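K.L.:
fold the following for me, if possible:
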Amino acid sequence: MTGKYDLVCFDMDGVLTKLRSSWCWIHTCFGVDNEKSYRAFVNGEIDEPEFMRRDIGLWKTAKPDVNTKDLVRFFQDMPLIDGIQETVAALRDNGMCCVIISGGIDIAAEMLVNEFGFDSCIADHLETEPDGTLTGEGRVVVDLRDKGVYVRQYIERNHTAKERTVSIGNSFTDIPMFKQSGVSIAFNPTDKYTEEAATYTVKSENIADILDLLLPEETPAH
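P.N.:
From the prediction side, this is the model:
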């Protein structure tokens with residue numbers, strides 16, 4: 001059974017999680033505050049790699065030998081939106097590929113892929129030593145200035161087209177994803193620009209509420 005869409009691209013932070021940011025979740029777990037570097041980044045005083053470096057530096061101040069196992073443990077307790085399992089299963093049953101495109105941390109995105117059956121993910125990477133200890137450096141994999149690039153990559157990879165692609169996001173950095181998709185959903189949008197840019201807006205505690213917009217209507221029995 002297939003519907004009219006082939007590909008569904010999900011943002012992670014604020015869509016699949018109840019968090020503003022998977023980075024901020026680690027700050028919370030370590031009891032540190034990145035407000036100073038966040039302001040510097042927003043004001044254009046530092047670039048994204050330096051922003052990542054400062055964030056990781058806060059964690060290493062709290063625990064000098066912080067490693068990926070620590071982060072996995074923290075992310076296991078990360079608050080998630082309800083209905084992810086149901087949503088991914090229903091979309092895939094209808095022939096849709098489900099992917100995550102996020103400026104969050106790849107460890108968190110990969111955990112969601114493994115737990116809920118997403119097909120793939122792309123997110124920012126933390127550099128580590130061979131034993132898993134963080135080096136203090138991060139690698140920007142997803143450019144938040146144009147997340148639409150990654151939608152196009154997934155469209156090509158899945159041999160589909162823009163009009164058969166759906167993107168789901170919650171903030172202005174997701175608008176470029178919307179522009180590369182035939183249908184876009186602002187899920188619990190954080191600003192009016194995101195809502196105005198989307199085909200639909202869904203405000204809910206359960207991501208499965210998007211299914212009414214994407215699944216083919218049942219054919220009535222004769």
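
K.L.:
give me the element the nearest residue to Arg92 once chain neighbours are set aside is part of.
P.N.:
Leaving aside its chain neighbours, Arg92 sits nearest to Cys98 (6.2 Å; criterion: C-beta to C-beta, 6 or more residues apart in numbering). The way it works is simple: take the backbone N, C-alpha and C, and place the C-beta from them, glycine included. If you go by DSSP states H and E, Cys98 is part of strand 97-105.

K.L.:
and that strand, what other elements does it pack with?
P.N.:
Strand 97-105 sits against strand 7-10, helix 22-30, helix 84-93, helix 106-116, strand 120-128, helix 148-157, with contacts defined as 3 or more C-beta pairs under 8 Å, 6 or more residues apart in numbering; DSSP states H and E.

K.L.:
any chance of these in CSV, plus distance to Val142 and mean neighbour count?
P.N.:
Shown next, in CSV, are those (distance: least, C-beta to C-beta, whole Å; neighbours: other C-beta atoms under 10 Å):
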stretch, distance to Val142, mean neighbour count
strand 7-10, 12, 27
helix 22-30, 12, 20
helix 84-93, 20, 18
helix 106-116, 9, 19
strand 120-128, 6, 18
helix 148-157, 6, 18
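
K.L.:
JSON lines for those, including distance to Phe41 and mean pLDDT?
P.N.:
Shown next, in JSON lines, are the helices and strands packed on strand 97-105 (distance: least, C-beta to C-beta, whole Å; pLDDT from 0 to 100):
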{"stretch": "strand 7-10", "distance to Phe41": "24", "mean pLDDT": "98"}
{"stretch": "helix 22-30", "distance to Phe41": "11", "mean pLDDT": "95"}
{"stretch": "helix 84-93", "distance to Phe41": "29", "mean pLDDT": "97"}
{"stretch": "helix 106-116", "distance to Phe41": "19", "mean pLDDT": "97"}
{"stretch": "strand 120-128", "distance to Phe41": "14", "mean pLDDT": "97"}
{"stretch": "helix 148-157", "distance to Phe41": "20", "mean pLDDT": "97"}
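
K.L.:
so which of those is nearest Gly169?
P.N.:
Gly169 lies closest to strand 7-10 among these, at 8.0 Å (C-beta to C-beta).

K.L.:
that closest one packs against which elements?
P.N.:
Here strand 7-10 touches strand 97-105, helix 148-157, strand 165-169, going by 3+ C-beta pairs under 8 Å, 6+ apart.

K.L.:
surely the residue nearest to Arg92 is in contact with Gln85?
P.N.:
No. Using C-beta atoms under 8 Å, Cys98 is not in contact with Gln85, being 11.5 Å away.

K.L.:
overlap of the contact sets of the two?
P.N.:
Common contacts of Cys98 and Gln85 (C-beta atoms under 8 Å, 6 or more residues apart in numbering): Gly117.

K.L.:
coming back round to it: from Tyr193, how far off is the residue nearest to Arg92?
P.N.:
Cys98 sits 25 Å away from Tyr193, going by C-beta to C-beta, to the nearest Å.
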